[in-house]
Each structure stands twice: as structure tokens, then as C-alpha cells.
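Enquirer: the following comprises the amino acid sequence and a computationally predicted model.
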Amino acid sequence: MTEERFNIQQQYREKFYQLPKVFFTNEKYMQLSNDAKIAYALLKDRLELSIKNNWFDDNGDIFFIFTNEKLKAILNCHDGKLTKIKKELSKNNLLEQVRCGQGRPNKLYLMNPEVTKEDVYEIKKQEENIDETCHDTEMRFSHFKNCENRISRNAEIAQQEMRKSHTNDTELNDTDISNTDSSDTNDMNDVREENVEATKPNHPNHTNHLQQQSDEEALKHLELQEMPEDTKIYMNNFSAKEIQIIKSVILKAKRSFNDMYGEVYMLEDMDDELFTVLKRFKGIMVKKQETVEAMQGYLMRSILSELEEMRSTNMRRKNFENSPLNVFKT
């Protein structure tokens, strides 16, 4: 009876640290040391603890507050190893350190790894590899059974036709009949197969193209999930790689703007402004024949300028609502 109950030892036996699969598909992260990868997994596991401690900022971004001594204890390493791990993670944009000053420990922000469409393809290929093998085996067995059944039916029909046409088989040469029929059948099959091959599209290339399109759309969908509606629709005009860059600039601009005024503006509050900026940005980018990556600075300035105008408009509206000149005031 006790075997059917959940057991505390069993529950703790099933607890695991998680490593992102992209660490093993993306060249950028494959160069990370195993120590750095494990450190990332250990820190990611402590996100829940940060939430319980209310360690998240006005933007909702989760951080850690650990002294170096505490980090060494968590990661079970010495000073030199800790410095190396932090440098590795920071260099690959997986860890951001924000100085707090006055002798207080830095805020540590763990960052999401970058996932490209190539990574999506590689991870899906790895996950589907076993299934594809099983599927191929089943297909081959099914094809074999179909061929076996078809050959049996053809042989039976041929025997029936021979009985009808030749009541006396003394002049028949079994070898001649066998060779002639077999040869004729093979010739017809060869012609039929050549015709089929001639009309068959280039399946591998066609499939790869469709797969890449599907991966691109999947990656775009993933990157745009947290974007507000109008901004999301317009950002679909960019490639997945461009969307990653634009999204990064938008989030940095939002954080900078909120920190500047000590206020909390959500992405939804900025939807109209972001939509306007992106339309203008796209036009200028095309006109100058520049890349999104090359124009990140311009995009950041444009977003901040538009948000400044939005805030000024909101302040004027609030001031007017509280003004004695407001005849509509109740």
C-alpha cells in the first residue's frame, strides 16, 4: 500500500538542475566552460527564492543579491574560479551586474540565452531524431508488406490467366515464360519509375526550405510574445534576428526611462509610441540602406524621445484636469 503513496525521498530524488539545450547547439555557448554552465543552472534554480525575497525591480526583472562569499558557497568554488565564471557569463550576455555602491553587494541579473532559428532547427532535429528512426522503420516494414502482397496478387492473377489461355502446357517452357514476364515487368517498372522521378520535386531542398520558414516563424512568435498588440504586428515586418535586436533596445529604453523618472510604464502603455517609432525607423533604415544592428543607437534615441513626449503630454493633461480653468471639472 505504501508503494502507491508519494514519498518525500522520492520527491527530492526527482529534483534536477536545468541546463538550456541551446548551450549545446549554439557555437557562442558551446565555448562556455562546464563550470560556467553549471553555475548558470544553479543560479536559475534560485529564481524562485529571489521572488520569495521580493528581489525584483519596478520592471519585474528578477535579480540576486549575493556577496562573493555566499556565491562561492553556492557554487562550491574559490575566488579565482568565481571571478572566471562571472566573467564568462557576463561576456556571453548571460549575467548582468549592477553596482549598488556604499559597500553593498552588486545586483546580479541572470539573462535569457539568445536562441537563433538555427538553434530551433538543431534542437528540434535532436528531439525528433529517435522518432524519425522509428517512423522510417515502420515505413520500410509497411512498404515491404505492401510489395509482398502485391507480388502475391500478381503471381496469382498470372497463374489464372495462364490456365485460361493454355489448357495444354506440354509446349510451354517455364524458364522462358518466367524470364519473359519478369523482363517485361522490370522494363515497365523502370519506365514508370523514370517518369515518377522526372516529375518528382526536389524533396530534401523543398522540405528544408519549409522547415526553415517554420523555424523562422516559431522564433518570431517566441520573441514577440510580450510585445503589445500594435507593436507586435508591425515588428513582424522584420526578420527574427532583427526582432531580437529591436526587442533588446526597446526593453533597455523602457528600463532607462522608468529609472530616470522613478515611474513604472509598462510596454502596453507605450504601444502607440513604439508603433510610431518603428514605422519611422523602418523607413529611414530602407532609405539609408543600413542594417538594424548598425542603427541601434538611433532607435534607442528615437524611443526615449517619443517616451519623453508621451510623458509630457500626460503631465499636461493631468495638470489641466486639476486646473481651475478646466470647465469640465466636476
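Expert: Good, I have the coordinates. Numbers count the residues shown, from 1 in each chain.

Enquirer: the domain parsing of the chain - what is it?
Expert: Under the assignment named as automatic domain parsing, the residue ranges that make up the domains of the chain are 2-110, 225-319.

Enquirer: among these, which is nearest residue 121?
Expert: Distances from residue 121 to each of the domains of the chain were compared by CB to CB, and the smallest falls on domain 2-110, at 8.8 Å. For glycine as for every other residue, the C-beta is placed from the backbone atoms N, C-alpha and C.

Enquirer: gap between the residue lying closest to residue 97 once chain neighbours are set aside and residue 100?
Expert: Closest residue in space to residue 97, ignoring its immediate chain neighbours: residue 106 at 4.6 Å, by CB to CB, 6 or more residues apart in numbering. Counting by CB to CB, to the nearest Å, the separation of residue 106 from residue 100 is 6 Å.

Enquirer: higher neighbour count, those two?
Expert: With other CB atoms under 10 Å as the criterion, residue 106 and residue 100 differ in neighbour count, and residue 106 comes out ahead with 18 against 11.

Enquirer: contacts only, for the more buried one.
Expert: Residue 106 makes contact with 97-100 under the criterion CB atoms under 8 Å, 6 or more residues apart in numbering.

Enquirer: so for it, what's the pLDDT?
Expert: Note for residue 106: predicted pLDDT of 85.

Enquirer: how close does it sit to residue 26?
Expert: To residue 26, residue 106 is 27 Å away according to CB to CB.

Enquirer: any chance of the domains of the chain in a markdown table, plus distance to residue 216?
Expert: Formatted as a markdown table, the entries for the domains of the chain read as follows, by distance: least, CB to CB, whole Å:
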| stretch | distance to residue 216 |
| --- | --- |
| domain 2-110 | 16 |
| domain 225-319 | 5 |
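
Enquirer: which of those domains is buried the deepest?
Expert: Per-stretch averages of neighbours, counted by mean count of other CB atoms under 10 Å, single out domain 225-319 among the domains of the chain, with a mean of 15.

Enquirer: ok, back up a step: which of the contacts of residue 106 fall within strands?
Expert: Counting by DSSP state E, the contacts of residue 106 place 97-98 in strands.

Enquirer: between which two of the contacts of residue 106 is the distance greatest?
Expert: Going by CB to CB, the two entries of the contacts of residue 106 that are most distant from one another are 97 and 100, at 9.9 Å.

Enquirer: before we move on, the earlier item: of the domains of the chain, give the one that comes closest to residue 119.
Expert: Ranking the domains of the chain by proximity to residue 119 (CB to CB) places domain 2-110 first, at 4.8 Å.

Enquirer: and that closest one, how far from the chain's centre?
Expert: When C-alpha coordinates are averaged (CA atoms, centre = their mean, to the nearest Å), domain 2-110 and its chain have centres 21 Å apart.

Enquirer: phi and psi next, for residue 66.
Expert: Residue 66 has phi and psi values of phi -130, psi 140 when expressed as degrees, to the nearest 10.

Enquirer: now do the SS call for the closest residue in space to it that isn't next to it in sequence.
Expert: Ranked by CB to CB, 6+ apart and with sequence neighbours excluded, the top spatial neighbour of residue 66 is residue 105, at 6.3 Å. Using DSSP: H, G, I helix; E, B strand; the rest coil as the criterion, the local structure at residue 105 reads coil.

Enquirer: send the alpha carbons of stretch 245-257 over as CSV?
Expert: Taking only C-alpha atoms (Å, rounded to 0.1, in the frame of the first residue of the first chain), the coordinates of stretch 245-257 have been written out as CSV:
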residue,chain,number,x,y,z
ILE,A,245,17.9,43.3,-31.6
ILE,A,246,14.9,45.7,-31.7
LYS,A,247,13.3,44.0,-28.7
SER,A,248,16.5,44.3,-26.7
VAL,A,249,16.7,48.0,-27.5
ILE,A,250,13.0,48.5,-26.5
LEU,A,251,13.5,46.8,-23.2
LYS,A,252,16.7,48.8,-22.4
ALA,A,253,14.9,52.0,-23.3
LYS,A,254,11.9,51.2,-21.1
ARG,A,255,14.2,50.3,-18.2
SER,A,256,16.2,53.5,-18.7
PHE,A,257,13.1,55.7,-18.9
